[in-house]
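Novice: Sequence first, then the predicted structure, then my questions.
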Amino acid sequence: MVHIEKLTWDNVDDILKLKVKKEQKRFVASNRDSMIDAYFSMTEDNRKVFTFGIYNDKKPIGFLMIAYDVPWAKEHYGLPENYYIWRFMIDKKHQHKGYGREALKQGIDFIKSFPCGEAEYCWLSYEPNNEVGRKLYISMGFEERMDLYKNGGEIPAIFKL
């Protein structure tokens, strides 16, 4: 059964070992870099960031990172305070099994609990040539916002909560 678990001292090493396929590395930062980003966002910028391991039963299979009220939402896209699915990955050995869809659904359910306060949307962004990610996000109800897309950047997509 696929589920998400908050990262702790006890499970972080297993999540750091997970990797995407070689051709996917340009689409997502490593889990190590993501955790560094989370740390500095929380300590330097006082942002709310939630890091989760994705598991199939007890086996680690992915990583999910959610943030709230990130400054680049306003700076780059003009979006108000909202939840942001900052990082999302499924290990190369566990892709194409439906695990990502279920984990993303659970991430959205977590966001809908409004741990930092209510918001109208959550959003994410992805590289323009990440067609696999795009198809997943669209199928889950995210709407691309090409009106906010800036050439050379990532494509933003929003999900009404």
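Specialist: Here it is on my side, so go on. Numbers count the residues shown, from 1 in each chain.
Novice: name the helices or strands packed onto the helix or strand bottoming out on mean pLDDT in the chain?
Specialist: Least confident element among the helices and strands of the chain, by mean pLDDT, DSSP states H and E: helix 71-77 (a mean of 78). Helices and strands touching helix 71-77, by 3 or more Cβ pairs under 8 Å, 6 or more residues apart in numbering; DSSP states H and E: there are none. (Glycine included, C-beta is placed from N, CA and C.)
Novice: residues making contact with whichever helix or strand comes after it?
Specialist: Note on helix 71-77: by DSSP states H and E, the next helix or strand toward the C-terminus is strand 83-90. Strand 83-90 has contacts (Cβ atoms under 8 Å, 6 or more residues apart in numbering) with 18, 20, 28-29, 31, 34, 37-38, 49, 54, 61-68, 70, 73, 99-100, 103-104, 107, 111, 116, 119, 121-124, 161.
Novice: Val12: how many residues sit nearby?
Specialist: 14 (other Cβ atoms under 10 Å).
Novice: list the contacts for it?
Specialist: Met35, Gly53.
Novice: What's the separation between it and Ala157?
Specialist: Applying Cβ to Cβ, to the nearest Å, the value for Val12 to Ala157 is 28 Å.
Novice: Also Ala29?
Specialist: 18 Å.
Novice: More neighbours: which of these two?
Specialist: For Ala29 versus Ala157, neighbours defined as other Cβ under 10 Å are more numerous around Ala157 (24 against 15).
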